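Participant: how would this look folded up:
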Amino acid sequence: MFTKRFGIEIEFTGITRAKAAEVTAAFLNGTVESTHDYYDTYKISAPDGRTWKLMSDASIDCRRKEYGRVVSATREYSVELVSPILTYQEDIKDLQELVRRLRKAQAFTNASCGIHIHLDGADHTPRSIRNYINIIASKNDLFYKALQIAPERMSYCKKMDSLLVEKINRRKPKTMEAIENLWYEGYSESTSRHYHSSRYHFLNLHSFFTGNQTVELRGFNSELHAGKIRSYIVLALALNHQALTQKCASAKKPQIENEKFAMRTYLNRIGFIGEEFANCREHLTANLGGSAAWRFRAA
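Facilitator: Next comes the predicted model:
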């Protein structure tokens, strides 16, 4: 699952985009270009030829610290870090270190900030996309509780549309065109619109159908904790791998007597095995009730 390429968007505030660009360029040994476009983007060109971006995002509640207090700030403090195409094995350590340096520079997040992870969709088929929809639908409640998605962000990462899930499983579409038609069914706006309403779900396929060929997972509160960000990336890669490799997936929600145990066993099943992912398992089960070791209290 770690061979798949991905990109990440991390929203934060606390420092200006100019400061964030300065920190990013210093870490990457890159050069900064200010574009003065609609998003007031700063582009950092790294020596390896890849470009990182620091952009404005209208959904961020801008704040900064002043004499130990958090106060309102101007739109210059709206920051979204947009990575280039990354791979886990080659880039995760550098991404984590960059996050640590931004945090050290006084960047922080609040309930308005989110993390979005884009996964390479080139190998997906109608079967795997149906799997993806069903996997997310069956685990919606568990994921939302485990990830503690902020109420302020729910309109930007809604749960899987139950009507879409019902139609996907009743009609069993065999082509991408048929799945795309079901995805957009019921929306009156043009499907070519970048900020199409269908994109604001935990699983966003609008980016997949409109030429980018990426599957986006939006259900993460923003963090500048390097370990939690790694956990989110591993979860995204594992879900993507499950969708690609599983013969079929059910949208039925399992009966859960013990949330923490259910999440731990599910994570083990999709690849979080061994000491290497102990911290990931800990982060992703920390907000769930119950025992990770025993399914039933009597045991």
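Participant: For this structure, which segments count as strands?
Facilitator: Taking DSSP state E as the test, the strands found in the chain are 6-12, 31-34, 42-45, 51-55, 63-66, 69-72, 79-82, 114-120, 203-204, 214-221.
Participant: Relative to residue 268, which of the ones you listed is closest?
Facilitator: Closest to residue 268 of the strands of the chain is strand 214-221 (C-beta to C-beta; 20.0 Å). In short, each C-beta sits where N, CA and C put it, glycine included.
Participant: correct me, but residue 253 touches residue 141?
Facilitator: Yes. At 6.6 Å, residue 253 and residue 141 qualify as touching, with contact defined as C-beta atoms under 8 Å.
Participant: doesn't residue 219 make contact with residue 200?
Facilitator: No. Using C-beta under 8 Å, residue 200 is not in contact with residue 219; the gap is 11.0 Å.
Participant: what touches both of those two?
Facilitator: Listed as contacting both residue 200 and residue 219 by C-beta atoms under 8 Å, 6 or more residues apart in numbering are residue 157.
Participant: Between these two, point out the one with more neighbours.
Facilitator: Higher neighbour count among residue 200 and residue 219: residue 219, with 28 against 16, using other C-beta atoms under 10 Å.
Participant: Could I get the pLDDT score of that one?
Facilitator: Listed pLDDT for residue 219 reads 92.
Participant: distance of it from residue 15?
Facilitator: Between residue 219 and residue 15 the distance is 26 Å, computed by C-beta to C-beta, to the nearest Å.
Participant: next one: residue 99
Facilitator: Residue 99 is 13 Å from residue 15, where distance means C-beta to C-beta.
Participant: before we move on, what about residue 178?
Facilitator: Distance, residue 178 to residue 15, by C-beta to C-beta: 46 Å.
Participant: do residue 3 as well
Facilitator: Distance of residue 3 to residue 15, given as C-beta to C-beta: 34 Å.
Participant: With residue 1 instead?
Facilitator: The gap separating residue 1 from residue 15 is 34 Å, by C-beta to C-beta.
Participant: all helices for the stretch 101-250 of the chain, in order.
Facilitator: Ranges of helices in the stretch 101-250 of the chain, per DSSP state H, counting those that start in this stretch, are 126-147, 162-171, 176-184, 206-209, 226-245.
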